[in-house]
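Peer 1: Predicted model, plus sequence, below.
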2 protein chains.
Amino acid sequence: MRATTLNLMKGSLPAATVARLPLYLRSLIEMDADRTTCSSDDLALLAGVNPAQVRKDLSYLAAPGVRGVGYNRSMLRNLLRRELGLTRCYRVAIVGAGNLGRALTVYPGFLESGFEIVALFDIDGMKVGDLVNSVLVSSMEDLEQTVRDQNVSIGIIATPAAAAQGVADRLVAAGVLSILNFAPAVLKVCGEAHVRRVDLSTELQILAYHLSVGDYVHSE
Amino acid sequence: MRATTLNLMKGSLPAATVARLPLYLRSLIEMDADRTTCSSDDLALLAGVNPAQVRKDLSYLAAPGVRGVGYNRSMLRNLLRRELGLTRCYRVAIVGAGNLGRALTVYPGFLESGFEIVALFDIDGMKVGDLVNSVLVSSMEDLEQTVRDQNVSIGIIATPAAAAQGVADRLVAAGVLSILNFAPAVLKVCGEAHVRRVDLSTELQILAYHLSVGDYVHSE
DNA sequence: TAGATTGTTAATCGATTAACAATC
DNA sequence: TAGATTGTTAATCGATTAACAATC
């Protein structure tokens, strides 16, 4: 087995910064229509982070701010879109046409951000052929074929936990390198693929921890 | 304005540790029924983290492991449940009975983890009175009353972004100190309340970044 | 005893933030 | 000029992990 070392490529950003860029982008879009300029303080307030954080994040992108003035809003919006790779649309397949999978299929925020759901799969033959907002439910057998035909680059897993790893393996084998996993399971994928997990029950469990702990002591 | 300093209470855990405890708990549950013992390596494999990480996390809980043997599975499971505050059930209200809100209402993982959806609200009068899996859709006007009557301790926001802050304010005012926010917005709440954000479009945007960047260089 | 695994330390790494000179 | 705000440094903080003595 050949040893392979993975190095972060020059030009890639800290993970924490990448995760904040979409917040900055959204903040810029939501800002008053007539604002042409915005400061790190403005962005920090809207994105809920520290102003120094904003400036540091933007400095990684070499965003051209003007001292005493701030950043040009539309310049910054374009820069963020370019940096995140949002200058093109992405074609997305969802696996699992249960309640969650169907809700995600019709979620308007995806299309607004440039993500188009082009396929929806389910193992249940009774669901195959159904239409979910103009998206046809396809058989799991067609997964590889459809992913390739439809040029899918992102997969969303909304199956039961037990099926998730197998689905991930098939998606990656078919060339899908980005997966958003809603199944309550930790997936293992090969090095070039990326998985992000949205773990619904875990989120509530973390909130439960805070409810059960005294948590904060107010002093002084 | 009186200065108030907030100190983490003795006994509270690092945030990163808290976020992993549910993964360990799930791993323990999913393990082969006949396993009575498990090592940090076993847990690390299932939870997708480093074994040293597992041991360090468990050391915060003073989990009694046995050198050369590992941790007792049911002891550890109980300890994690106790630490996370999962020895009791939590009553949850969902605000927003759109596709996402309804999918969350019937999501089986919540009840399995001890979270019961006891109320569902929507601003649309046409939806009020509907049943979603035996949960009645209530009017927004009844929010405060129902939260108190039903002893709701966790709120889930599944409204459009524009409505989210107002809903959060009302939930907190009614005594809900934990909020899971699915609206694409950063919420501001007062100090004692906790918000976790599940930001669906942002997740895809982060994945898009990785697709658009060369990302990794394989060397050696 | 030999092998396995914990518990903990210390090193390292990455992320955050206060502070302030630069400069519009 | 005076006020505002960036860009960057340096300090700090929190999280991760390798390593290994302790010990079952």
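Peer 2: Everything's here; your move.

Peer 1: so where is chain A shaky, pLDDT-wise?
Peer 2: A:1-11, A:214-220 (pLDDT under 70).

Peer 1: Let me see the ranges of the helices in it.
Peer 2: In chain A, the segments counted as helices under DSSP state H are A:15-30, A:40-47, A:51-60, A:73-84, A:99-105, A:108-112, A:143-149, A:161-173, A:200-212.

Peer 1: Contacts for the fifth one, please.
Peer 2: Outside helix A:99-105, the residues within contact range by CB atoms under 8 Å, 6 or more residues apart in numbering or on different chains are A:94-95, A:97, A:110, A:117, A:120, A:122, A:132-133, A:135, A:156, A:158-159, A:182, B:99-100, B:102-103, B:106-107, B:200. The C-beta positions use only the backbone N, C-alpha and C, and glycine is treated the same way.

Peer 1: what's the closest non-adjacent residue to residue A:153?
Peer 2: The shortest distance from residue A:153 to any non-neighbouring residue, by CB to CB, 6 or more residues apart in numbering or on different chains, is to residue A:90 (5.4 Å).

Peer 1: quick one: contacts for that neighbour?
Peer 2: Residues near residue A:90 by CB under 8 Å, 6+ apart: A:114-116, A:153-154, B:204, B:208, B:211.

Peer 1: go on, residue A:63?
Peer 2: A:71, A:75-76, A:79.

Peer 1: let's see 7 Å
Peer 2: By CB atoms under 7 Å, 6 or more residues apart in numbering or on different chains, the contact set of residue A:63 is A:71, A:76, A:79.

Peer 1: on that earlier part again, make a ChimeraX selection of the buried ones in the contacts of residue A:90.
Peer 2: What follows is the ChimeraX syntax selecting those of these that are buried according to 16 or more other CB atoms under 10 Å in any protein chain shown:
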select /A:114,115,153,154 /B:204,208,211
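
Peer 1: wait, which of the contacts of residue A:90 is closest to DNA strand C?
Peer 2: Nearest to DNA strand C among the contacts of residue A:90: residue B:208, at 18.2 Å, using CB to the nearest atom of the strand.

Peer 1: Could you report the distance from that closest one to residue B:201?
Peer 2: The gap separating residue B:208 from residue B:201 is 10 Å, by CB to CB, to the nearest Å.

Peer 1: Same list, the contacts of residue A:63, but only the ones touching chain B.
Peer 2: Restricting the contacts of residue A:63 to those touching chain B (CB under 7 Å from any CB of the partner chain) yields no residues.

Peer 1: Separate out the buried members of the residues you listed.
Peer 2: Here, 16+ other CB under 10 Å leaves A:71, A:76, A:79 buried among those.

Peer 1: Farthest-apart pair in the contacts of residue A:90, please.
Peer 2: A:116 and B:211 (14.3 Å; CB to CB).

Peer 1: Dump the contacts of residue A:63 into CSV; add distance to DNA strand D as well.
Peer 2: CSV is the format used below for the contacts of residue A:63 (distance: CB to the nearest atom of the strand, whole Å):
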residue, distance to DNA strand D
A:71, 6
A:76, 10
A:79, 11
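
Peer 1: Is it possible to get a markdown table of the residues you listed that adds distance to residue A:47?
Peer 2: A markdown table is the format used below for the contacts of residue A:63 (distance: CB to CB, whole Å):
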| residue | distance to residue A:47 |
| --- | --- |
| A:71 | 13 |
| A:76 | 13 |
| A:79 | 16 |
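
Peer 1: Looking at the residues you listed, which is nearest residue A:187?
Peer 2: Out of the contacts of residue A:63, the member with the shortest distance to residue A:187 (by CB to CB) is residue A:79, at 32.3 Å.
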